[in-house]
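Participant: have a look at this prediction, sequence included:
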Amino acid sequence: MKTLLAFAAMGITVGAASAASAACGTITVANMNWQSGELLAHVDKFVLEHGFGCQVDFVPGDTVPTITSMVEKGAPDIAGEAWVDLVPEIVKRGTGEGRIVQIGQALSDGGIQGWYVPKYIVDANPEIRTVDDALARPELFPDPEDASRGAVFNGPTGSGGSVVSAQLFKAYGGPSRNFNLVDPGTQAGLDGAMARANERKEGWLGYYWSPTALLGKYAMVRLEAGVPHDAAEWKRCNTVADCPDPKKNEWPKDNVVTLVTKRLADGSHPEVADYLGKRAWDNQTVSSVMSWMTETQASGEDGAVHFFKEHPDLWKTWVPAEIAGRIEAAL
């Protein structure tokens, strides 16, 4: 009798899931080719499949081709982590023509760039809050190749961050304040320099960004610019490598949103649209999960499960209680 009841219950569950899947249909999601974007794609897939009973198909994703495809071809349906400031004209055209909709924030803090120092340095020297404060203490951030001078580590060679950092290094008078600008070469070189300093509890000053796995592993403090962001000056000189007279400036926050196509936003999937409108997470949460993924060599799918298990207080605010129960059951 218990066996019969179990099979009967299973039949009801499977039948309900099949009905929900049929009602939701197939939704295409861009699986972005960077770690945080891949992680969010798998979080959405888990919620849509186990919570709402949708069939989710992944398509390879990257900022420019994905958003362009959504505007011109109406697919994929969802770009979970869209760095829209990188392609403003495409996004403007797509939203203006009603082809895509910015349905909510992906990163509640936005994408953050800037110059960072280890927290233990600030704890020992609480007067260090701004870039100028740090540049007044070259002895705290010795150049690995010349301990008589301080070092500011630039971004990876050829990156946008490296251009801006080099310009800001000039604007803040780095050379005259006994600092060298260190080129780390690759991303691995930059990561290695930061990791070594943290493991040895040594001074380190340089460019980095969030969310990232490394900032999930090490406690770093972003230095304030000491001046507000000036968009005109940023465009005129801070982002132009050969501009001779850069001014001090604050890094802008990148607007990182979730984009959906008109098909998904037009009311055919109101429960999915409601979820995506509420679904946002802070950089520290993302960075901590990415750090776990990196250390364990976990996939985006594993990372999503880890997130659901470790942060129920966050994701349960995104969905109704009934949907949350289905997600927990799937875990």
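Facilitator: The structure has been received and is ready for your questions.
Participant: can we go C-alpha only for contacts and neighbour counts from here?
Facilitator: Noted.
Participant: give me the number of residues near the residue lying closest to residue 323 once chain neighbours are set aside?
Facilitator: Excluding the flanking residues, the one nearest residue 323 by CA to CA, 6 or more residues apart in numbering is residue 51, at 4.9 Å. By other CA atoms under 10 Å, 24 other residues sit near residue 51.
Participant: surely residue 51 meets residue 324?
Facilitator: Yes. Under the criterion of CA atoms under 8 Å, residue 51 makes contact with residue 324 at 6.9 Å.
Participant: flag the shaky bits of the chain, pLDDT-wise.
Facilitator: Low-confidence regions of the chain, defined here as pLDDT under 70, cover residues 1-22.
Participant: where along the stretch 51-200 of the chain do the strands fall?
Facilitator: Here the stretch 51-200 of the chain has its strands, by DSSP state E, counting those that start in this stretch, at 55-61, 78-83, 100-105, 112-118, 142-143, 146-153, 179-182.
Participant: who's in contact with residue 276?
Facilitator: 103, 104, 258, 318 (CA atoms under 8 Å, 6 or more residues apart in numbering).
Participant: residue 177: which of the residues you listed is nearest?
Facilitator: Within the contacts of residue 276, proximity to residue 177 (CA to CA) peaks at residue 258, which comes in at 42.7 Å.
Participant: number of residues surrounding residue 88?
Facilitator: Counted with other CA under 10 Å, the burial measure for residue 88 works out to 11 neighbours.
Participant: how close does it get to residue 150?
Facilitator: When CA to CA, to the nearest Å is applied, the distance between residue 88 and residue 150 equals 38 Å.
Participant: over to residue 174?
Facilitator: 9 Å.
Participant: higher neighbour count, the two?
Facilitator: Taking neighbours as other CA under 10 Å, residue 174 and residue 150 compare with residue 150 leading, 30 against 21.
Participant: dig out what that one forms beta bridges with.
Facilitator: Each beta-bridge partner of residue 150 is listed here, defined by DSSP bridges: residue 142, residue 179.
Participant: mind listing what the most centrally placed residue in the chain touches?
Facilitator: Taking CA atoms, centre = their mean, the centroid of the chain lies closest to residue 211, which sits 4.3 Å from it. Residue 211 makes contact with 36, 111, 112, 283, 284, 286, 287, according to CA under 8 Å, 6+ apart.
Participant: again, 7 Å this time
Facilitator: Shown here is residue 211, whose contacts under the criterion CA atoms under 7 Å, 6 or more residues apart in numbering are 111, 283, 284, 286, 287.
Participant: do residue 183 as well
Facilitator: 153, 154, 157.
Participant: do I have it right that the first one meets residue 205?
Facilitator: Yes. Distance between residue 153 and residue 205: 6.3 Å, which falls inside the contact criterion (CA atoms under 7 Å).
Participant: more neighbours: which of those two?
Facilitator: For residue 153 versus residue 205, neighbours defined as other CA under 10 Å are more numerous around residue 205 (29 against 26).
Participant: and the more buried one, how close does it get to residue 327?
Facilitator: Relative to residue 327, residue 205 is positioned 42 Å away (CA to CA).
Participant: next one: residue 117
Facilitator: Computed as CA to CA, the residue 117 to residue 327 distance reads 39 Å.
Participant: which one of these two is surrounded by more residues?
Facilitator: For residue 117 against residue 327, the residue with the higher neighbour count under other CA under 10 Å is residue 117, and the figures read 25 against 20.
Participant: who does the more buried one bridge with?
Facilitator: In beta-bridge terms (that is, DSSP bridges), residue 117 pairs with residue 221.
Participant: show me what contacts it?
Facilitator: Residue 117 makes contacts with 204, 205, 220, 221, 222, as judged by CA under 7 Å, 6+ apart.
Participant: could you check how far the last one is from residue 114?
Facilitator: What that stands for is residue 222. 6 Å.
Participant: what's the burial count for the closest residue to residue 100 other than its chain neighbours?
Facilitator: Counting by CA to CA, 6+ apart, residue 100 lies nearest to residue 261, which is 4.5 Å off, once chain neighbours are set aside. Under the neighbour criterion other CA under 10 Å, residue 261 is assigned a count of 25.
Participant: could you do the one 10 residues further on as well?
Facilitator: Per other CA under 10 Å, the neighbour tally for residue 271 reads 15.
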